[in-house]
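**Student:** fold the stuff below for me.
(4 chains)
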4 protein chains.
Amino acid sequence: MNTLGKIFRISVFGESHGPGIGVLVDGCPPGLAINDEMIMEDIDRRRSGRKGTTARLEYDLPEIVSGVFRGVSTGAPIMIMTRNTNIRPSDYDRYSAVPRPGHADMVARQKYGGYADTRGGGHSSGRLTWGMVVAGSVARLIIKPAQVRAELLSVGGNKDVEAEIESVTAEHDSVGGLIECIATGIPAGLGEPIYYPVESAISQAIFSIPAIKGIEFGSGFRAAEMRGSEHNDPVISKDGKTSSNNAGGINGGISNGNDIVLRVAVKPPSSISKEQWTWNFEKGEMDILKAEGRHDACIALRIPVIAEAAVSIALADLFLVNRAIYGGIE
Amino acid sequence: MNTLGKIFRISVFGESHGPGIGVLVDGCPPGLAINDEMIMEDIDRRRSGRKGTTARLEYDLPEIVSGVFRGVSTGAPIMIMTRNTNIRPSDYDRYSAVPRPGHADMVARQKYGGYADTRGGGHSSGRLTWGMVVAGSVARLIIKPAQVRAELLSVGGNKDVEAEIESVTAEHDSVGGLIECIATGIPAGLGEPIYYPVESAISQAIFSIPAIKGIEFGSGFRAAEMRGSEHNDPVISKDGKTSSNNAGGINGGISNGNDIVLRVAVKPPSSISKEQWTWNFEKGEMDILKAEGRHDACIALRIPVIAEAAVSIALADLFLVNRAIYGGIE
Amino acid sequence: MNTLGKIFRISVFGESHGPGIGVLVDGCPPGLAINDEMIMEDIDRRRSGRKGTTARLEYDLPEIVSGVFRGVSTGAPIMIMTRNTNIRPSDYDRYSAVPRPGHADMVARQKYGGYADTRGGGHSSGRLTWGMVVAGSVARLIIKPAQVRAELLSVGGNKDVEAEIESVTAEHDSVGGLIECIATGIPAGLGEPIYYPVESAISQAIFSIPAIKGIEFGSGFRAAEMRGSEHNDPVISKDGKTSSNNAGGINGGISNGNDIVLRVAVKPPSSISKEQWTWNFEKGEMDILKAEGRHDACIALRIPVIAEAAVSIALADLFLVNRAIYGGIE
Amino acid sequence: MNTLGKIFRISVFGESHGPGIGVLVDGCPPGLAINDEMIMEDIDRRRSGRKGTTARLEYDLPEIVSGVFRGVSTGAPIMIMTRNTNIRPSDYDRYSAVPRPGHADMVARQKYGGYADTRGGGHSSGRLTWGMVVAGSVARLIIKPAQVRAELLSVGGNKDVEAEIESVTAEHDSVGGLIECIATGIPAGLGEPIYYPVESAISQAIFSIPAIKGIEFGSGFRAAEMRGSEHNDPVISKDGKTSSNNAGGINGGISNGNDIVLRVAVKPPSSISKEQWTWNFEKGEMDILKAEGRHDACIALRIPVIAEAAVSIALADLFLVNRAIYGGIE
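**Tutor:** Numbers count the residues shown, from 1 in each chain, chains lettered A, B, ... in the order given. Modelled structure (predicted):
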């Protein structure tokens, strides 16, 4: 179940405090130049030392274990992993008895019947997005010359991101953010109606990122308030270019050759240093939890490169599917 | 590519103006009571004679062709179809030369190289949602006693839906709408992180409905502006019930036993009787298009039952996947 | 579960004595000429009036319901079905109480808990191979100019097929047969090690045909008795042509540009007019069963065109998968 | 493409002379005791020091990287790998210019356009079966109390295996073998007609093992020469037990509660020390190749535990699929 894509297939594995984490990439075309430097560029963006993200050091160096020979993809499955070095299981022992609000502690208990490795979020940890970012670096090569770029539009509704982070940190609280992602240079024709339209492929990938609460394409939620005469994008060239882009680059689930535009809402991190009410299983009653340690005040700061990866992976798969069915038939 | 789900698998087929349309449902457990009456209830809700939806008669009577014996599912693939009876190909001939803004005319041309059956939207027509609604009727049986209900919150930003439709119709324009969908009685533990969380399963299904521009769960886009102390839902019982529901019933991609709540934005129908600019391939220049015939002023009126079907189908699949992996292991 | 293939995907539906049977073909490239005449050629070969096959008339005329417009595939899912017209449920009522040896009566009882439609074999009937043959007609267009041909090598170990059938029929018995299938013109490079090699793709399809007990490629079971010096096929050209073909056209799971050669063993039909022992659920003891009616004395007579279809479908999928991953990357 | 199974999903990665190889197991139920000792039992059987298998030391120690916590599966993806320590790339450089008959050297050249890592067979090496054996150890836990056992029936047609190996080794040649695999304790009802019958699931897995040329179930190829009266297995109990087992434990693609019996033919290893003709790409003509180094005289000696793994994996998936669709519905 833990696989994304139909041809270009991504599976991630690992736990936050286990021996290591990684990603298996299947269906990658041969002949692509893949190396540590290329991958580290994206990983560095994800890790980020920016204010508002945790100071915990993560040793993120990738090891390319398979599928790449002399710096080039071979067509065989690509496995890339990294070791966990900062394992502190004791930090997390108490959370199975006192589940943290907003975290997966409670559902892990319900779903896995006590077998889950819940240390640091275990398999559900944001740490696992490392694998998606790495797979995204590979996906970017497949969709070239198309490019995917995401940026943080606002934090807590405030466009002055730094100021907002500072105030939230002072309050020992956390805050959400809004991200926009744009794919340029995408050819028309990607996407398979009815059950693999561009929006389905992308949203399936995007919601695999923890903390995402919503996604919208083009006009998005504003469309619910618009008139058709205002929403329809006039076609202004034989290539299908439009003078507006309420469609977000997609008609009927198929890319139309304009920029693909989407926005995602990121919730505030659940870990805060403020006191919170939750259920205490040992006491059998509600109780106050006060989480310690340093936490990200705003996870949205890290999401742009992950969102880019998710979108690139989805588009790479759509590209290969499209080539399978439509490529070269005369 | 045109299949939804991993165990409970839905495939639809047909074109708006071909011989018929239908749905193939694979992976349905045996022993479920399936009959025309049950299915017609949902189909009637989809068809709807309400003001604001097209007056075109669609003969929607289902024929259960396979997989049901003596009124009960057998475990074999279920195929249910209906015949198209109101086929008027001539209406649509001109749109391959003069693609309608907002429609799939242009991308069909780009993707299928002239081979697509574009009459009435062809395979991309909203008519195809008939199959999803029918599959949804079956899915509802699987997730019982859980229930999925959707309702239209507003049209064009206006909660007085009838008034808004009337004014839009008078302007020969169309309008979008906002829908909320709630699943009650869902057990905790559905959803597979990392790549088949509840949100991914549901959004993949929802974006298979034409005209959807966005989806949000729980707090949704509002989360981007919230603080963690405000967003975290306090756990108030050992079953995981929470006193607020910003999570929308989902933590870490897994259902937490509270209501699953989501909203979807529906764009205004692209077909309007107003004049619009588009590209004219015969003339090789931009041109004014004026669509004739009667059209839906607001497709959002029809979407609730389709959204319910999409969510029910996604949940049914998550339920069966969960039973496969976690059911019965001691 | 009832789907074959990864890109070119085949799903069949229907029961022997239900309203109809058919096939849904997804992932078919647009632009292929598909019509009733082409399909009927294969269907006629399957039906066959040859001695040794049942005289029961099956009305096999195909209706192309979707995915084909003006005689050409559109890229949308293709659904083709036929109606059952010779429905005689009463013939089969007794077999749920007295399961016929060799048939699926007993396992249907065990698996589906009484819900299965077991009339005439229900969904497990050989009648369902109609859909595979129809999908095979489509698949043949995708793999062109490659061709797949199968022939019956022997019946009951006897190369004089007609004589053997005559003697078996006189004895009110049935008999098995051996079929060879050869695919010519297959390009080198099809097949994905490790889990989608040519042999896996083909054998998965072949074993979907009822009554198949074994499959072997190239040297097949004889390889178990051979020396390497005898088995290795010398390469005699830069295209990879070999002077012998013990490999059956496949090395390391990948087509090598030589003919793909395979043989399948077909068991004798389980329905015979001779008396047989089985369990009688009404009596709660073993009992003698004597099946009436006319039956195929040798189902192997009908299998060649079905085997061709199975192999063509598998190759078509491998062809499209190969194009997805390897086509066009420089 | 390199994934086996629908719920219990196996993906292997790595190259014979890369940094390491391994397996990713998705869809494994939580609560299963998984540890190095258990896995090493099967690995040791695969490695085998028996006469006739290569003396090359392989360091096969497994590292359980993810999905297991405190010795028990968690429900998260399980990744288990081992490091390659005996990497000698220079041995294999010449084979891209002078492809070895029977090996994948030639097709790798054709398929991957020079990008493949062909050292020691690369991703197509028999070394990769390590991952299948490890996944098989996990699968065995899922199908318990059912058991799968395989044994070598003959080598080169000779039941005195040791004598045959000795004589073949003396001739610097290699030899094939015949293996029988029996699954006992399998419940009735596994398998999904039409496209996921027991035979399809098992054969897809079996043909993922290099060197397999054929598979047969129950009566197998002998069925082609039999009469129905002889082939039909009389049912002798209400549980479906039969007095003979020509069906090989499968009717209509569904397990019938008797032993599942299958045989596979293993070809002689392609690497022999005898001189052989092949194409020399540098010379542009046929040439004599004489492979050096020590090779397995009979790979069939190692196959039983791998075949057991393949069959266990297929059955585990069928078991979980069956539980998804049929388990617990009243």
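**Student:** I'd like the next helix or strand past whichever helix or strand A:Ser154 is part of.
**Tutor:** If you go by DSSP states H and E, A:Ser154 is part of strand A:147-155. Using DSSP H and E, the helix or strand that directly follows strand A:147-155 along the chain is helix A:161-170.
**Student:** skip the chain neighbours and tell me the closest residue to A:Asn322.
**Tutor:** Excluding the flanking residues, the one nearest A:Asn322 by CB to CB, 6 or more residues apart in numbering or on different chains is A:Leu190, at 5.4 Å. Yep, even glycine has a C-beta here, placed from its N, CA and C like the rest.
**Student:** okay, now that neighbour: neighbour count?
**Tutor:** The number of residues packed near A:Leu190 is 32, by other CB atoms under 10 Å in any protein chain shown.
**Student:** would you enumerate the residues in contact with it?
**Tutor:** Contacts here follow CB atoms under 8 Å, 6 or more residues apart in numbering or on different chains; on that basis A:Leu190 touches A:Val198, A:Ile254, A:Ser255, A:Leu315, A:Leu318, A:Phe319, A:Asn322.
**Student:** wait, is it part of a strand?
**Tutor:** No. Read with DSSP: H, G, I helix; E, B strand; the rest coil, A:Leu190 is coil and lies in no strand.
**Student:** and A:His103, how close does it get to chain C?
**Tutor:** As judged by CB to the nearest CB, to the nearest Å, A:His103 and chain C stand 35 Å apart.
**Student:** and A:Ala104, by the same measure?
**Tutor:** 30 Å.
**Student:** confidence score at that residue?
**Tutor:** A:Ala104 carries a pLDDT value of 86.
**Student:** ok, A:Pro193 next?
**Tutor:** At A:Pro193, pLDDT is 88.
**Student:** roughly how far apart are the closest residue to it other than its chain neighbours and chain D?
**Tutor:** Nearest residue to A:Pro193, sequence neighbours excluded (CB to CB, 6+ apart): A:Gly253, at 4.4 Å. Remark: distance between A:Gly253 and chain D (CB to the nearest CB) = 24 Å.
**Student:** ok, A:Met226 next?
**Tutor:** On the measure of CB to the nearest CB, A:Met226 and chain D end up 42 Å apart.
**Student:** residues of the stretch 51-200 of chain A that sit close to chain C?
**Tutor:** Residues of the stretch 51-200 of chain A lying close to chain C by CB under 8 Å from any CB of the partner chain are A:Gly75, A:Ala76.
**Student:** can you pull out the low-pLDDT segments for the stretch 51-200 of chain A?
**Tutor:** Scanning the stretch 51-200 of chain A with the threshold set as pLDDT under 70 gives A:51-58, A:86-94.
**Student:** find the closest residue to chain C in the stretch 151-300 of chain A.
**Tutor:** Closest approach between the stretch 151-300 of chain A and chain C, counting by CB to the nearest CB: A:Pro193, at 8.0 Å.
**Student:** number of residues surrounding that residue?
**Tutor:** 29.
**Student:** can I assume it is in contact with A:Ile254?
**Tutor:** Yes. The criterion here is CB atoms under 8 Å, and A:Pro193 meets it with A:Ile254 at 6.8 Å.
**Student:** now for the two: what residues contact both?
**Tutor:** Any residue near both A:Pro193 and A:Ile254 by CB under 8 Å, 6+ apart counts here, and that gives B:Ala104.
**Student:** once you drop chain neighbours, what's closest to the residue in the stretch 51-200 of chain A positioned nearest to chain B?
**Tutor:** The nearest approach of the stretch 51-200 of chain A to chain B comes at A:Ala104, 2.9 Å away (CB to the nearest CB). Spatial nearest neighbour of A:Ala104, chain neighbours left out: B:Gly252 (2.9 Å); criterion: CB to CB, 6+ apart.
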